[in-house]
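Trainee: I need the structure of the sequence given here:
(chains A and B)
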There are 2 protein chains.
Amino acid sequence: MTKGHETRDAILDIALAKASQVGLGALSIGELAKEAGMSKSGLFAHFESKENLQLEVMKSAAQRFIEQIVTPALRSPRGEPRVRALFEGWFRWAKDAKLPGGCLFIAAATELDDQPGPLRDYLVSSQRDWLATFAHAAKIAVDEKHFRADLDADKFARRVYSIFLAYHHFARLLRMRDAETQARDEFESLLAESRV
Amino acid sequence: MTKGHETRDAILDIALAKASQVGLGALSIGELAKEAGMSKSGLFAHFESKENLQLEVMKSAAQRFIEQIVTPALRSPRGEPRVRALFEGWFRWAKDAKLPGGCLFIAAATELDDQPGPLRDYLVSSQRDWLATFAHAAKIAVDEKHFRADLDADKFARRVYSIFLAYHHFARLLRMRDAETQARDEFESLLAESRV
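Mentor: Numbering: from 1, shown residues only, chains lettered A, B, ... in the order given. Below is the predicted model:
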């Protein structure tokens, strides 16, 4: 890895942590430059524009999510164990030390839903990928006869997603101590309903 | 109503619509003044600071929510009909013409979860009120013997909330056409599970 890449990755790490807390829109190139110990023009040389910086932050989050959460889960045995591994990964993600403000994608969702453009498009496509990954794991669980043959895998994926959105809201905003326990209980009920 | 109050309410309406789209943090006193056809100092005279403007916008949203959604629902018959009316009201709220960017509280949740202060405190307390209102309606449905005696009303309220968070996410960000149908199906399943 070249020195330029290292610097770029270091800036992205700082920006990612910041964006998880204050949102992508509130990222400031000036403040980031200060935190990274660089000049503003030096930071511009790496990212060209604030819009591009925001997009690179989101891409780096998506890459991290795939490496840390999706890929390891896909190594779990096919069927319910893999579905569980994806769900467990989500909690790890929400507690990732690189994301002190929680899931960047959930924060970006309400920030970007009314802002057409490449940033919103990228978020939508990565969200669709994630739902599809979850639905695909549920379909395999049907093939493995862990789940009912008539299970609607897309609906299953969306229900798991709703459990996670609620967990994020209740844990992060309302600081409910039992948010994770309740999310796990709901997931277990959903699995119980889905089994053969 | 005095002229000063009318002007203030008109500014709050513009700010509310804006905040639902871009977030409370991105509200700009300069831009608002332009849209309201006022001077920046005129707008400052009404709100004193950006922080205060943000708080007033949230308070005005909460007041509108109570008037338009909660109060009418509390006039519905006790029990399941009232629970239904609260749920229906939520969809009306999400489609309120005064909130072109959807529910302000959901947008504010991820924006403010890491920002301690009066704005976050106000949001948390209004969210807790709303969950308590929903839980109370569920408890009454237990008393009326519409719902099971062993129903956990707080958990019920949180499950309805999670259905709504998912609806907001799938409809607004992912533009899924069946987001509302799916939310209604999930609510009906939850009611079916909850009945005596």
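
Trainee: flag every residue of chain A that's near chain B.
Mentor: Residues of chain A lying near chain B by C-beta under 8 Å from any C-beta of the partner chain: A:20-23, A:25-26, A:100-102, A:106-107, A:109-115, A:120, A:123-124, A:127-128, A:155, A:158-159, A:161-163, A:165-166, A:168-170, A:172-174, A:182, A:186. For every residue, glycine as well, the C-beta is placed using N, CA and C.

Trainee: buried ones from those, can you make that a ChimeraX selection?
Mentor: To isolate the buried ones among those in ChimeraX, judged by 16 or more other C-beta atoms under 10 Å in any protein chain shown, type:
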select /A:20,21,22,23,25,26,101,102,106,107,109,110,111,112,113,114,115,120,123,124,127,158,159,161,162,163,165,166,168,169,170,172,173,174,182,186
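
Trainee: keep only those of the residues of chain A next to chain B that are in helices.
Mentor: A:20-22, A:106-107, A:109-112, A:120, A:123-124, A:127-128, A:155, A:158-159, A:161-163, A:165-166, A:168, A:182, A:186 (DSSP state H).

Trainee: next, count neighbours for A:Leu43.
Mentor: 21 (other C-beta atoms under 10 Å in any protein chain shown).

Trainee: what's whichever strand or helix holds it in contact with?
Mentor: Using DSSP states H and E, A:Leu43 sits in helix A:40-47. Contact with helix A:40-47 is made by A:4, A:7-8, A:11, A:29-30, A:32-33, A:36, A:53, A:56, as judged by C-beta atoms under 8 Å, 6 or more residues apart in numbering or on different chains.

Trainee: now for those, which pair is the farthest apart?
Mentor: A:Gly4 and A:Gly30 (21.1 Å; C-beta to C-beta).

Trainee: what about stretch A:114-122, start to end distance?
Mentor: 14 Å (C-alpha to C-alpha, to the nearest Å).

Trainee: for B:Gly42, see how far away A:Arg92 is.
Mentor: 51 Å (C-beta to C-beta, to the nearest Å).

Trainee: quick one: mean pLDDT over the helix or strand in which A:Leu16 is found.
Mentor: Per DSSP H and E: A:Leu16 is located in helix A:3-22. The average pLDDT within helix A:3-22 is 87.

Trainee: other SSEs contacting it?
Mentor: helix A:29-36, helix A:40-47, helix A:50-65, helix A:104-112 (3 or more C-beta pairs under 8 Å, 6 or more residues apart in numbering or on different chains; DSSP states H and E).

Trainee: so A:Glu163 makes contact with A:Phe187?
Mentor: No, residue A:163 isn't Glu; it's Ile. Yes. Counting by C-beta atoms under 8 Å, A:Ile163 touches A:Phe187, with 5.7 Å between them.

Trainee: so where is chain A shaky, pLDDT-wise?
Mentor: Applying pLDDT under 70 to chain A picks out residues A:1.

Trainee: surely A:Arg195 touches A:Arg148?
Mentor: Yes. Between A:Arg195 and A:Arg148 a contact is recorded at 6.9 Å, counting by C-beta under 8 Å.
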